[in-house]
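Colleague: A predicted structure for the sequence below; I have some questions about it.
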Amino acid sequence: MKQSANWTRKHLIGLENVKPSEIDVIHDTARSFRKTLGRSVKKLPSLRGKTLVNLFMEPSTRTRLAFELAAKRLSADVISIIGQSSSLTKGETLKDTAKNVEALNADMIVLRHSCAGSSLYLSNVVDVPVINAGDGAHEHPTQGLLDSFTLRDHLGELKGKKITILGDILFSRVARSNVFALTKLGAHVTLAGPATLVPSGFTTLGVEVCHDLRAALADADAVMLLRIQHERQSSTHFPSLGEYTSMFGLNQNRASWLKPDAIIMHPGPVNRGVELDSALADSKRSVILNQVTNGLAIRMAVLYLCGVASDLEKKGKKK
Amino acid sequence: MSEPLWIQGGRIIDPANSRDEEADLFALDGKIVETLSEGERSTARKIDASGQIVCPGFIDLHSHFREPGQSQKETIRSGSLAAAAGGYTTVVIMPDVSPPADNAGVIQYILDAVAKHACVNILVTGCMTQGRAGDNLAPIGSLKKTGVVAITDSPDSPQNNEIMRRTLEYAGMFDLLIMEQGRDRSLTEGATMHEGATSLRLGLHGSPRAAEDLSVSRATVLAALTGARVHLQCISSGSAVDMIRRAKSRGLKVTAEVTPHHLSLTDETMASYDPRYKTNPPLREEWDRQALIEGLLDGTIDCIASDHEPHVDYEKDVEFDLAPFGVIGLETALPICMATLVRGDAAELTDLVRFLSTNPARILELDKGHLSPGAEADVTVFDPDEKWVVDPDTMESLSANSPWLGEELRGKATHVAVKGNLVLQRDS
């Protein structure tokens, strides 16, 4: 395996402290992996003999599937541990579960967890690489990477481009990772939605906060919709889903406020008819399924780069 | 009876007597005396205090020991040893033990354990409400008769304003101090840190200043209504400082405390997601920290209290959201306050002694916190410059959930006398 001079991290915890050049490395690597996705023989030998453990303490379809497939395409063995069926329901701590996984010689852990900071915590207690697949409302770095990758596909250079993220920002790790990635790449990011879910304090992250949907959509090059996470927020943040749809849902009429070539994104799962009109989700403007395909390539790139960095660190220690 | 005590050549700081001078201090039969006779001097225990500070023993108004119920975290014995190591001669312990200290039986159990195991003065508080649940008044009169010095539901407080009002009214009848660590819980559900730019960035659920401000406001309004004495614990919000200032200017019987950690740390520490910084009320912003220091210096905040909350290591070795709130503080209060206030050029040593000894004694109306002849010989001698590392193996507390673990601090007690008996002696 070859290490890129611009990538030395074995953990991927978040995008807040990742350099723009590191995002470029991941995107370049993902671009070359993407070329292999349509082959009839899809497997690459890059992670042969490695074992990846998906530790998913919170429900997930897309992300877990993408990490599993990415690892398999790179010839790694994959085991997925789902929170509800593990020892965590018997009172075992995350640390003990992870230490056991490590004692079984796993080579990498992908963690999805409902607590913010849990991936950083885990990376401090185990030696193997930890890839954050979503920690509470904090970060979802591979989502931020695949979204910026998709945006680059459609808009080219992101410098000066205007990207609006609309929906539940407060509870969204996708929003935070995107804010960190997109502002690093020079985009102007606007966060839009109701004041209770998009507090003005977010401006300290170098973004605009806007509660006027028309203004937020008017000159956007892309709009990224986020799901209302009813499982996370208390019932006090807005009156009802119906009210949300009537005030902030993206429908045909509001989509006409967008520039003609602006694209529509959504990290999934989509609640059709709530935050996004069903026909718009399937329209030509929608790049939702491109995001999913790119998600596979991005996860292959991340697993590969962190795996190489970890191997090199181990070799360095032996010397 | 203890041997006579002769503390030689230290700098005596006794704010209650406006005293700051290099002199010898004497104690006989557990009391401070003007001098010792030749005979007494020959048998006296002599302590060389040159280069050190000699002051009335520190008094902590706010510690949580865990006996009965969770003695793996702290016992009366270990807590009192930690207090002595930190220069404290008197500690007021909170009633949030298990079972809660809401009846004379539990209070008596604690008093018996104190008599048996404590090496410093331990004063006991009782619950305001039954089971600290905030619904029904505890038998406050019986608690007072058994020997509590104050009542409190710390670290919680009744959310029901009617219960709070009646608590103040009822306790006021006995002139019993109410210690209130309030927050409006409807605003803090699920919160693990201060609400602000940092919590937004970290994706952690925040507790707004408003939750504390509302409860401080309630306490002052109800203190005015009932005439009761209310001591506000752990002030952390800068805007609450302002409310207390106004309440005091109106002549209300309100006092307040601040902790060493709120004086020295901010919410930025949470970026590490290290539960050692997770505490309640939360560490807030630099603006709050400056307002707390200002409030302390202008007398709005009366004293410094530790809010010593021990938790065993494995409880804090988990995801941030899942860790319990609280930090220990008895053994680090002195050096942290030295660094923040004295070496930070905000206050003089004599102010520090006021905040740690003179003023807490006044709040509880104790005949302590001064070195007048005839007073009980509760004396602390400390080296303001001694460097030491916060190390769980050498600390007396059974717990090690200190924000300063592994750090080198400056300032440490060398000798502590309680009623003339040396409970700490570290001769160099």
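Modeller: Here it is on my side, so go on.

Colleague: got the contact list for the residue of the stretch 201-350 of chain B found nearest chain A?
Modeller: Closest to chain A within the stretch 201-350 of chain B is residue B:273: 2.9 Å, counting by CB to the nearest CB. C-beta here means a position set from N, CA and C on the backbone, and glycine is covered the same way. Going by CB atoms under 8 Å, 6 or more residues apart in numbering or on different chains, residue B:273 touches A:116, A:117, A:120, A:121, B:202, B:320.

Colleague: Distance check, the residue nearest to residue B:197 when sequence neighbours are not counted against residue A:182.
Modeller: Counting by CB to CB, 6 or more residues apart in numbering or on different chains, residue B:197 lies nearest to residue A:204, which is 4.1 Å off, once chain neighbours are set aside. Counting by CB to CB, to the nearest Å, the gap from residue A:204 to residue A:182 is 16 Å.

Colleague: What of residue A:32?
Modeller: For residue A:32, the distance to residue A:182 - CB to CB - is 23 Å.

Colleague: what about residue A:204 and residue A:182, which has more around it?
Modeller: Neighbour count, other CB atoms under 10 Å in any protein chain shown: between residue A:204 and residue A:182, residue A:182 has more, with 25 against 12.

Colleague: can you list the residues that contact stretch A:244-255?
Modeller: Contacts of stretch A:244-255 (CB under 8 Å, 6+ apart): A:166-167, A:192-194, A:213-214, A:217, A:223, A:225, A:228, A:238, A:264, A:273-277, A:279-280, A:285.

Colleague: where do the strands sit along chain A?
Modeller: A:51-56, A:77-82, A:108-113, A:130-135, A:162-166, A:188-192, A:208-210, A:222-225, A:263-265 (DSSP state E).

Colleague: you'd agree residue B:326 is up against residue B:309?
Modeller: Yes. Taking CB atoms under 8 Å as the definition, residue B:326 is a contact partner of residue B:309 at 2.7 Å.

Colleague: circling back to that earlier point, put the buried members of the contacts of stretch A:244-255 into a PyMOL selection.
Modeller: Selection of the buried residues among the contacts of stretch A:244-255 in PyMOL, burial being defined by 16 or more other CB atoms under 10 Å in any protein chain shown:
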select buried, chain A and resi 166+167+192+193+194+213+217+223+225+228+238+264+274+275+276+277+280+285
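
Colleague: Alpha carbons only: can I get stretch B:346-366 in CSV?
Modeller: In CSV, the C-alpha atoms belonging to stretch B:346-366 read as follows (Å, rounded to 0.1, in the frame of the first residue of the first chain):
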residue,chain,number,x,y,z
ALA,B,346,-7.1,40.3,41.1
ALA,B,347,-6.9,40.0,44.8
GLU,B,348,-4.5,40.0,47.8
LEU,B,349,-3.8,37.1,50.1
THR,B,350,-5.9,38.6,52.8
ASP,B,351,-8.9,38.6,50.3
LEU,B,352,-8.3,35.0,49.7
VAL,B,353,-8.5,34.2,53.4
ARG,B,354,-11.7,36.2,53.7
PHE,B,355,-13.3,34.2,50.8
LEU,B,356,-12.1,30.8,52.2
SER,B,357,-12.5,31.3,55.9
THR,B,358,-13.8,34.6,57.4
ASN,B,359,-16.9,35.0,55.1
PRO,B,360,-18.1,31.4,55.1
ALA,B,361,-18.1,31.5,58.9
ARG,B,362,-20.2,34.7,58.9
ILE,B,363,-22.7,33.2,56.5
LEU,B,364,-23.3,30.3,58.9
GLU,B,365,-23.0,32.6,61.9
LEU,B,366,-20.2,30.4,63.3
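
Colleague: which residue packs closest to residue 70, ignoring adjacent ones?
Modeller: Answering for chain A, as no chain was given. Per CB to CB, 6+ apart, closest to residue A:70 is residue A:299, 3.7 Å.

Colleague: hmm, I had chain B in mind actually
Modeller: Using CB to CB, 6+ apart, the closest residue to residue B:70 is residue B:98 (6.4 Å).

Colleague: just residue B:156 next, same as before
Modeller: residue B:132 (6.0 Å).

Colleague: Isn't the one you found up against residue B:101?
Modeller: No. The criterion here is CB under 8 Å, and residue B:132 misses it with residue B:101 at 9.0 Å.

Colleague: Looking only at neighbour counts, state which of the two leads.
Modeller: residue B:101 (29 against 22).

Colleague: ok, which stretches of the chain are helices?
Modeller: In the absence of a named chain, chain A is used. Counting by DSSP state H, chain A has helices at residues A:20-34, A:62-73, A:94-103, A:118-125, A:141-155, A:173-184, A:213-218, A:241-248, A:252-255, A:278-281, A:288-318.

Colleague: try chain B instead
Modeller: Using DSSP H, helices in chain B cover B:38-43, B:76-85, B:104-117, B:140-146, B:161-173, B:197-202, B:209-226, B:238-249, B:260-264, B:286-297, B:313-316, B:333-337, B:349-353, B:359-363.

Colleague: For the fourth one, which outside residues touch it?
Modeller: Applying CB under 8 Å, 6+ apart, the external contacts of helix B:140-146 come out as B:101-104, B:107-108, B:111, B:126-128, B:151, B:167, B:170-171, B:174, B:176.

Colleague: how about 7 Å then?
Modeller: Under the contact criterion CB atoms under 7 Å, 6 or more residues apart in numbering or on different chains, helix B:140-146 has outside partners B:104, B:107, B:108, B:126, B:151, B:170, B:171, B:174, B:176.

Colleague: Check what pLDDT the nearest residue to the first one once chain neighbours are set aside gets.
Modeller: Same thing as residue B:104. Closest residue in space to residue B:104, ignoring its immediate chain neighbours: residue B:146 at 4.4 Å, by CB to CB, 6+ apart. Per-residue pLDDT puts residue B:146 at 98.

Colleague: what's the nearest residue to the residue of chain A found nearest chain B if we skip its chain neighbours?
Modeller: Of all residues in chain A, residue A:117 sits closest to chain B, at 2.9 Å by CB to the nearest CB. Nearest non-adjacent residue to residue A:117, counting by CB to CB, 6+ apart: residue B:273, 2.9 Å away.
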